[in-house]
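K.L.:
got a sequence here, can you model it:
(2 chains)
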Amino acid sequence: MNTKHLLKPCLGIFLFFLATVMVSGPAQAHKIMVFAYQEEGTVYAEGYFADGKKTQDSLVEVFGQDGSKLLEGKTDRNGLFSFPVPDVPEIKIVLTGSMGHRAECTLKNEGGGGSAKTGTVKEDSPATLPQDGKAVVGVGEDRIRAIVSEELDKKIGPLIREVALLQQKKISLTEIIGGIGYIAGIMGLLMYFKTRRKGDTN
Amino acid sequence: MHISEGICSPPVLAAGMVIAAAGVAYGLKKIDTESIPKVGVLSSAFFVASLIHIPIGPTSVHMVLNGLMGLLLGWATFPAIMIALLLQGVLFQYGGLTSLGVNTVNMALPAVICYYLFRGMIRGENIKKIAFAGFACGFISITLSIAAVALTLLLTQKGFLVTVHVVVLAHIPVMIIEGIITAFVLVFLKKVKPEIIEVGT
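P.N.:
The predicted structure is shown next:
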């Protein structure tokens, strides 16, 4: 009688927990991630908790290939830290969050900061080929390249971030259930050894 | 709560491993055959509880339930937490393998301390007393865990001192939630299956 009376709230709480895990669980892990991209001569490093919440005011350190520290700073309110592209082929970005969370990522310097010069391409080309009259063709190769790369940066930027987010490992329900299964298995093993030992001594 | 790999210095990691190994060995010795399912269930609960995660201010926190584990398992909390942490590390990259020892100690030791503090209070028939003990146990064990994590970080690097107070403040809601849930579960168990509460020591 008493048990039956309590069964409902118990089930309710269990379902609530399950729902919480189902809704929020798969996307969340209590760990942080750092993700960096390069745009127009600036490196942007973004820190996230695994549920997408930004890591504010966290320490970001930038190391060169040889392990020497190049610079450090803190993420702002949006979890963002930016600095000019350093003159090394590869950098390692380490994000240290509160309570001992830590994440790192490496970023290759694409084309030795080539995209950094996008904005400063010489403006001398437009008038070079006026013989056609329409002047549409009259744009230098450099200029076109600059415009295209600028536009591409703009268009691809969000995509790159999407891809990086997708690459981050998310927790799936399968793994959660698998983990619980492992625990059950380990307990079974433990029981097996415990009972066997008891049997031996008897 | 999970300290990642590459944060702590080797001596801290080694000390964590040694203490954790001792705790696990003693815990395994203490477990009798009848209580193994209980250990399994609570280990699973811990494993899943870390996925329920609450964003607060500049950080985000999750449930630990180590107070409840301590009260119900006693020293068996050590193996239970170690197994769950190992699986969390392997499956979800929470924490890390090298920091497994440190993390186990940080969460299991406060649980064992709370077990000794509160085990007397939950034996009686007074439901209110049990509820209070549950709340205090949940609240205090997670507080001690946070203190332990903070201490571990301080031992490694002084710079973490700045973040410690933020982290402690951020965990106040979790302390309260842990306390409420621990109290609730204990009262529920007392009514439905009182023999679970009696730790076989």
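
K.L.:
only C-alpha atoms from now on, for both contacts and neighbour counts.
P.N.:
Will do.

K.L.:
the helix or strand harbouring residue A:62 pairs with which strands?
P.N.:
Residue A:62 belongs to strand A:59-63 when assigned by DSSP states H and E. Sheet pairing of strand A:59-63 (DSSP bridges) gives strand A:69-74 (antiparallel), strand A:90-96 (antiparallel).

K.L.:
kindly format the C-alpha coordinates of the last one as PDB.
P.N.:
Only the C-alpha atoms of strand A:90-96 are listed here, as PDB (Å, rounded to 0.1, in the frame of the first residue of the first chain):
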ATOM      1  CA  GLU A  90      52.000  26.400 -36.700                       C
ATOM      2  CA  ILE A  91      50.600  27.500 -33.400                       C
ATOM      3  CA  LYS A  92      49.100  25.600 -30.500                       C
ATOM      4  CA  ILE A  93      46.300  27.300 -28.600                       C
ATOM      5  CA  VAL A  94      45.600  26.100 -25.100                       C
ATOM      6  CA  LEU A  95      42.500  27.200 -23.200                       C
ATOM      7  CA  THR A  96      42.400  26.700 -19.500                       C
END
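
K.L.:
pull the longest helix from chain B.
P.N.:
Secondary structure of chain B per DSSP state H: the longest helix is helix B:161-192.

K.L.:
against which helices or strands is that helix packed?
P.N.:
helix A:2-24, strand B:59-62, helix B:66-73, helix B:127-156, helix B:194-197 (3 or more Cα pairs under 8 Å, 6 or more residues apart in numbering or on different chains; DSSP states H and E).

K.L.:
coming back round to it: among the strands paired with strand A:59-63, which is the most enclosed?
P.N.:
A comparison of the strands paired with strand A:59-63 by mean neighbour count, using mean count of other Cα atoms under 10 Å in any protein chain shown, puts strand A:90-96 on top with a mean of 23.

K.L.:
contacts for it, please.
P.N.:
A:33-34, A:36, A:45, A:47, A:58-65, A:102-109 (Cα atoms under 8 Å, 6 or more residues apart in numbering or on different chains).

K.L.:
after that strand, which helix or strand is next?
P.N.:
Following strand A:90-96 in sequence, per DSSP H and E, is strand A:102-108.

K.L.:
and the next element down the chain from that following strand?
P.N.:
Strand A:102-108 is succeeded, C-terminally, by helix A:141-167 (DSSP H and E).

K.L.:
just the buried positions in that following helix, please.
P.N.:
Neighbour counts over helix A:141-167 (16 or more other Cα atoms under 10 Å in any protein chain shown) mark A:143, A:146, A:149, A:150, A:153, A:165 as buried.

K.L.:
helices or strands up against the very next helix or strand once past it?
P.N.:
Per DSSP H and E, the first helix or strand lying C-terminal to helix A:141-167 is helix A:173-201. Packed against helix A:173-201 by the contact rule (3+ Cα pairs under 8 Å, 6+ apart) you find helix B:36-49, helix B:77-92.

K.L.:
please identify the buried residues of helix A:173-201?
P.N.:
Residues of helix A:173-201 classed as buried: A:175, A:176, A:179, A:180, A:182, A:183, A:184, A:187, A:190, A:191, A:194 (neighbour count, 16+ other Cα under 10 Å).

K.L.:
where's the first one relative to residue B:48, distance?
P.N.:
Applying Cα to Cα, to the nearest Å, the value for residue A:175 to residue B:48 is 11 Å.

K.L.:
ok and the residue in chain B nearest chain A?
P.N.:
residue B:3 (4.6 Å; Cα to the nearest Cα).

K.L.:
is it true that that residue touches residue B:98?
P.N.:
No. Under the criterion of Cα atoms under 8 Å, residue B:3 is not in contact with residue B:98, lying 9.8 Å apart.

K.L.:
neighbour count winner among the two?
P.N.:
residue B:3 (25 against 20; other Cα atoms under 10 Å in any protein chain shown).

K.L.:
quick one on the thing from earlier: adding distance to residue B:125 as columns, could you present the strands paired with strand A:59-63 in JSON lines?
P.N.:
Below are the strands paired with strand A:59-63 laid out as JSON lines (distance: least, Cα to Cα, whole Å):
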{"stretch": "strand A:69-74", "distance to residue B:125": "54"}
{"stretch": "strand A:90-96", "distance to residue B:125": "48"}
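
K.L.:
noted, bye for now.
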